[in-house]
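**Q** Give me a 3D structure for the following:
(one chain, ligands or ions: 1)
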Amino acid sequence: MSTPLIAARAVSFGYDDRVVVDRLDLSVGVGEVVALLGPNGSGKSTLVKGLFGLVPRLGGTIEVEGKVGDASTHHARIGYVPQRHSLAQSVRSTVSEVVAAGRLPHRPWWQPATRSDRDLVARAIEAVGLSDRAHAEVSTLSGGQQRRVLIARALAGQPALLVMDEPTAGVDHASQVVLTEVLGRLAASGTAMLVVTHELDVLADVVTRIVCLDAGHIDFDGSPGAYAAHLADADHPHVHAGHHHDDDSTGGR
Ligand SMILES: Nc1ncnc2c1ncn2[C@@H]1O[C@H](COP(=O)(O)OP(=O)(O)OP(=O)(O)O)[C@@H](O)[C@H]1O
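**A** Next up is the predicted model:
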């Protein structure tokens, strides 16, 4: 088996003295599209933020392609699309400028963008259907479009693994459609993904594995077929892919 793109071993993450993710093992390999499900508050966001060093690690180890270090130290290989409210209204950058930041891990800080950088940025913006808004300020876009900008920023970095935290929660229908297409194309091109979601439908065509968190522990890890059987099992009555508590279908308009 090839070296996992990311491997977390016995990792614990939490806030102050509170452990939210408790000695958990999770790895994602080449070609895998993993849906990370679980009830509200089970620790999904804490886990993915922890993989990027955004939440204190209380124990365990993380390796990226066999090298010790969290995902933030391997930005060129692992892209991150955060959950929401990441592009504040006060951000006065254009779509192109935000997406161009996705190229920064690939060149020395002092080197200007090359033609190839600019092409990749334009292609990423096109992939999320925002070419006509490339020079618009992000603060003028809808919530769903802003989410697409963040996805384009991650795509511009051509990551081997893309980690997304609820990419479809609260986005408008047009953005959901675009996102489903983007995920399909990425999966077809071999990009591995770890996607926190309450909306498994969006991933239905591409998901290869489902991991369910419950109270900071993994309580299911297997194929979509095995997951269906798991749900049908009367001993496991809770449905992981339930709706998000603060989903706001108007929020992306
Ligand atoms: N910044 C923080 N400081 C303290 N506690 C936090 C913080 N962020 C999250 N928590 C707590 O950690 C627990 C797990 O939250 P987390 O957001 O990781 O869950 P989740 O599974 O992503 O939930 P959701 O589906 O609602 O997004 C919750 O009890 C939450 O209150």
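**Q** Can you report how many residues neighbour the residue lying closest to residue 223 once chain neighbours are set aside?
**A** Leaving aside its sequence neighbours, residue 223 sits nearest to residue 209 (Cβ to Cβ, 6 or more residues apart in numbering; 6.3 Å). Bear in mind the C-beta positions are built from the backbone N, C-alpha and C, glycine included. Residues within reach of residue 209, counting by other Cβ atoms under 10 Å, total 18.
**Q** hey, what's residue 209 bridged with?
**A** residue 34 (DSSP bridges).
**Q** So it is in contact with residue 222, correct?
**A** Yes: contact status for residue 209 versus residue 222: in contact at 6.9 Å, counting by Cβ atoms under 8 Å.
**Q** quick revisit: report pLDDT for the residue nearest to residue 223.
**A** pLDDT for residue 209: 96.
**Q** can you tell me which residues contact it?
**A** Residue 209 makes contact with 32, 33, 34, 35, 221, 222, 223, 224 under the criterion Cβ atoms under 8 Å, 6 or more residues apart in numbering.
**Q** go again using 10 Å as the cut-off
**A** 28-29, 32-36, 194, 221-224, 226-227 (Cβ atoms under 10 Å, 6 or more residues apart in numbering).
**Q** and these, which of them are in strands?
**A** In strands, judged by DSSP state E, the following of the contacts of residue 209 are found: 28, 33, 34, 35, 36, 194, 221, 222.
**Q** Drop anything exposed from those residues.
**A** When the ones in strands among the contacts of residue 209 are checked for burial by 16 or more other Cβ atoms under 10 Å, the buried set is 28, 33, 34, 35, 36, 194.
**Q** For the closest residue in space to the fifth one that isn't next to it in sequence, grab the count of nearby residues.
**A** What that stands for is residue 36. Spatial nearest neighbour of residue 36, chain neighbours left out: residue 196 (4.7 Å); criterion: Cβ to Cβ, 6+ apart. By the criterion of other Cβ under 10 Å, residue 196 has 23 neighbours.
**Q** beta partners of residue 196?
**A** residue 36, residue 165.
**Q** Spell out which parts of the chain neighbour the ligand.
**A** By the rule Cβ under 6 Å from any ligand atom, the part of the chain lying against the ligand is 15, 20, 38, 40, 41, 42, 43, 44, 45, 46, 244, 245.
**Q** Selecting buried members of these in PyMOL, what would you type?
**A** The buried residues among these can be selected in PyMOL (16+ other Cβ under 10 Å) with this line:
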select buried, resi 20+38+42+43+44+45+46
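**Q** Tell me which two in the residues of the chain next to the ligand are the farthest apart.
**A** 15 and 244 (20.6 Å; Cβ to Cβ).
**Q** just so I have it, where are all the strands in this structure?
**A** Going by DSSP E, the chain shows strands at 6-15, 18-28, 33-37, 57-64, 67-68, 78-81, 161-165, 192-196, 209-214, 217-222.
**Q** what comes into contact with the fourth one?
**A** Translated: strand 57-64. Against strand 57-64 from outside (Cβ under 10 Å, 6+ apart): 3-15, 17-27, 50-53, 68-75, 77-78, 160-161.
**Q** likewise the last one?
**A** By Cβ under 10 Å, 6+ apart, the surrounding residues in contact with strand 217-222 are 21-26, 34, 36-38, 42-43, 47, 209-214, 226-227, 229-231, 236, 238, 240.
**Q** Please pick the buried ones from those residues.
**A** Taking 16+ other Cβ under 10 Å as the criterion, what is buried in the contacts of strand 217-222 is 21-22, 24, 26, 34, 36-38, 42-43, 47, 209-214, 227, 230-231, 240.
**Q** Can you name the residues that contact the most centrally placed residue in the chain?
**A** Against the mean C-alpha coordinate of the chain, by Cα atoms, centre = their mean, the closest residue is residue 164 at 0.9 Å. Taking Cβ under 10 Å, 6+ apart, we find residue 164 in contact with 36, 48, 79-83, 147, 150-151, 154, 179, 183, 193-197, 203.
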